[in-house]
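[1] Can you look at this prediction? I've put the sequence above it.
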Amino acid sequence: MNQPMPAAVAPLSGTLHIFVAFDWGDDIDLEQARKLVPASFQELPRRRRTPSSFAYRAPPLYIALAPVALELAEMGKVEAQAGLTVFDFAAVSVALHVPFTLTSDALLRLAGSLADPVVAVLAARTLLRPMFEALQPGIHDPSWRDDFSEEYFVFQLAPAPSPGERDLAWLAGMVHLESGPLSGEEIQEALKLKITYSPADLFVPNWAAALLIDQDCDETLQAIEFANLQLLEFRHIDHRLDQSLAAAQRTIGPLTRSPLPFWRFHARPLRVLGELKVEANDLFERTGNVLKLVGDPYLARVYRMVAQRFHLETWQESIQRKLEVAEGVYQVVSDQASSYRMEFLEIIIVMLILFEIVMAFWHR
C-alpha cells in the first residue's frame, strides 16, 4: 500500500518536534505554581473529529518559554520555539519546535545526528533551570537528577505525493535515526507499526523517533509527548522501587539476625515499606490515567503504537511485580513483628508466673 511520502529530490518543509521529559520531585501544587510563574491550565487542542472525552484528568499547566538556540546538523544555528507542560505528579515535558526546509538526504543526515541527543537535552535543561528554581516552593521534595531524562523526536511533514520504493528505506532511516543503509529486515521492522487516517497522512513511530505526515495535528503530538513523559515516569517509579526495596532489605537484614527476638524492632522498616507501597501505587495510577483517550479510536491507536515502541506494558508489568514483592516483604515483616510480640508477651507471662512462685515460697 503506497503511503504519502516526500519526493526524493525536492526540498521538504516541515517541523522537527523535540520532546524532553524530566522529573522534578514527588508532586507539584499546580495552583501555587500558577501564582509563581505566568502559566495557564492546558486544554488539549482538538479537531472536529476529536471528541470531548479526549482530555487530561487533571489538566496540567502550560508555560510559554523564550525561544532557545540550537546547533543542529545540516541546519547550523537555529532558534526553536519552546513550551513547558507541568503535571501535578512533578513530571515536566519541554517541547522544542524547529521549522526546516531540507532535501530528503539532508534530513536523513539530520536524523542520524540526533541519535546522540546530548545537544537537545542540554539545551532543554539549561532552558528549564530558572523555571525549576522559580517553582521549587510549590514542589514537594524537589529533586532534579542530571542523568535522568527521556527525549523523543518527531519529524512532521506536510502531506505530499506517494513515494517510490526508495522512500521506504529513507523513512526507516528517519525513525531509526540512522543515516546509513539499513537491511531489508531492519526496514521491515522499522515500518511494521504505522497508521493512516486519510490517504494524505501517515504516522510511523519507532523507539527513538517518529515521522508524522499531517497538518493541524497538535492533539496527535501531545499524545506522543505524553507517552514519552509516561515512559520517564515508569522508569522513575521502577528505579525508586529498586532503591526502596534494597534499603528495606538493608534495614530488615540485621534485625532478623538479632539473637534476642524481643529486641527486633520493626516499626521503621514497616513504615518504610508501607509508605513505598502507597507512594508507588498512587504515582503509578496518576501517571497511567491522566490522559483519557476514550472515544477517539485514531488517537488511541497512535498512543498504543508509541506505547508499544516504548515497551510501556513491560515497564508496567515490572512495576507491578516489584509492588507485589514489596507487599510480600511487608506481610512477612508484619507477621514476624506479630510473632515476636507474642514471644515477648509469653516471656513476660512466664517471668511473672515464676516471680509469683518465688514470692509465694519467700513469704513461707
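    In hand now; what should we look at?

[2] Let's verify the residue positioned nearest the centre of the chain: helix, strand, or coil?
    In the chain, the C-alpha nearest the mean C-alpha coordinate belongs to L232, at 2.4 Å (Cα atoms, centre = their mean). Counting by DSSP: H, G, I helix; E, B strand; the rest coil, the backbone at L232 sits in helix.

[3] Next up, the contacts around it.
    Counting by Cβ atoms under 8 Å, 6 or more residues apart in numbering, L232 touches 21-23, 91, 148-150. In short, each C-beta sits where N, CA and C put it, glycine included.

[4] run the last query once more with 6 Å
    21, 150 (Cβ atoms under 6 Å, 6 or more residues apart in numbering).

[5] so what pLDDT did it get?
    L232 carries a pLDDT score of 93 in this model.

[6] Could you shift the numbering so residue one becomes 521, and keep it that way?
    New numbering, starting at 521: the last item is L752.

[7] Break down the stretch 771-884 of the chain into its strands, ranges please.
    For the stretch 771-884 of the chain, applying DSSP state E, counting those that start in this stretch gives strands covering 811-812.

[8] Ok, the stretch 621-770 of the chain next?
    659-660, 670-677, 722-725, 729-733.

[9] Quick one: closest of those to M879.
    strand 659-660 (57.3 Å; Cβ to Cβ).

[10] Tell me which strands the closest one pairs with, and in which orientation.
    Paired strands of strand 659-660, with direction, are strand 547-548 (antiparallel) (DSSP bridges).

[11] after the partner strand comes which helix or strand?
    Downstream of strand 547-548, the first helix or strand assigned by DSSP states H and E is helix 550-556.

[12] where does the chain have low pLDDT?
    521-529, 564-575, 680-686, 767-794, 796, 808-816, 850-858, 860-861, 883-884 (pLDDT under 70).

[13] and V822, what does it touch?
    740, 743.

[14] One more pass at 8 Å, please.
    715, 723, 725, 740, 743-744 are the contacts of V822 under Cβ under 8 Å, 6+ apart.

[15] L630 too?
    Residues near L630 by Cβ under 8 Å, 6+ apart: 536, 592-595, 620, 622.

[16] go again using 6 Å as the cut-off
    593-594.

[17] Distance check, it against G545.
    Using Cβ to Cβ, to the nearest Å, L630 is found at 34 Å from G545.

[18] With L697 instead?
    The value you get for L697 to G545, if Cβ to Cβ is used, is 31 Å.

[19] before we move on, what about I867?
    In terms of Cβ to Cβ, I867 sits 46 Å off from G545.

[20] between those two, who's got more neighbours?
    G545 (18 against 12; other Cβ atoms under 10 Å).

[21] Wait, A729 touches H696, no?
    No: using Cβ atoms under 6 Å, A729 and H696 do not qualify as a contacting pair, with a distance of 7.6 Å.

[22] Report the contact partners of H617.
    Per Cβ under 6 Å, 6+ apart, neighbours of H617: 535, 537, 601.

[23] Pull up the pairing partners for the helix or strand where it lies, direction included.
    Per DSSP H and E: H617 is located in strand 611-622. When pairs are called by DSSP bridges, strand 611-622 turns out to pair with strand 532-543 (antiparallel), strand 596-606 (antiparallel).

[24] which parts of the last one are buried?
    Buried residues in strand 596-606, counted by 16 or more other Cβ atoms under 10 Å: 598, 600, 602, 604-606.

[25] Equivalent analysis for the longest one, please.
    Residues of strand 532-543 classed as buried: 532, 534-543 (neighbour count, 16+ other Cβ under 10 Å).

[26] could the residues you listed go into JSON lines alongside distance to L655?
    Formatted as JSON lines, the buried residues of strand 532-543 follow (distance: Cβ to Cβ, whole Å):
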{"residue": "L532", "distance to L655": "38"}
{"residue": "G534", "distance to L655": "33"}
{"residue": "T535", "distance to L655": "28"}
{"residue": "L536", "distance to L655": "27"}
{"residue": "H537", "distance to L655": "24"}
{"residue": "I538", "distance to L655": "22"}
{"residue": "F539", "distance to L655": "19"}
{"residue": "V540", "distance to L655": "17"}
{"residue": "A541", "distance to L655": "16"}
{"residue": "F542", "distance to L655": "12"}
{"residue": "D543", "distance to L655": "13"}
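
[27] Give me the buried positions along the strand holding H617.
    611-618, 620, 622.

[28] try stretch 737-753
    Quick answer for stretch 737-753 (16+ other Cβ under 10 Å): 737, 739-753.

[29] who are the neighbours in contact with L648?
    Contacts of L648 (Cβ under 6 Å, 6+ apart): V614.

[30] My error: substitute V695 in the last question.
    710, 724, 726, 729-731.

[31] what separates the nearest residue to it once chain neighbours are set aside from P657, distance-wise?
    Nearest residue to V695 in three dimensions, chain neighbours excluded: N726, at 3.8 Å (Cβ to Cβ, 6 or more residues apart in numbering). Per Cβ to Cβ, N726 is found 40 Å from P657.

[32] okay, these two: which has more neighbours?
    Set N726 next to P657 and count neighbours by other Cβ under 10 Å: N726 wins out with 23 against 12.

[33] circling back to that earlier point, between the buried residues of strand 611-622, which is nearest E833?
    E833 has its nearest neighbour among the buried residues of strand 611-622 in A611, at 19.3 Å by Cβ to Cβ.

[34] Looks like the closest one contacts D543 (just checking).
    Yes: assessed by Cβ under 6 Å, A611 is found in contact with D543 at 5.5 Å.

[35] Would you map the helices across this protein?
    With DSSP state H as the criterion, the chain has helices at 550-556, 624-633, 638-655, 686-696, 704-710, 738-776, 787-809, 817-830, 832-883.
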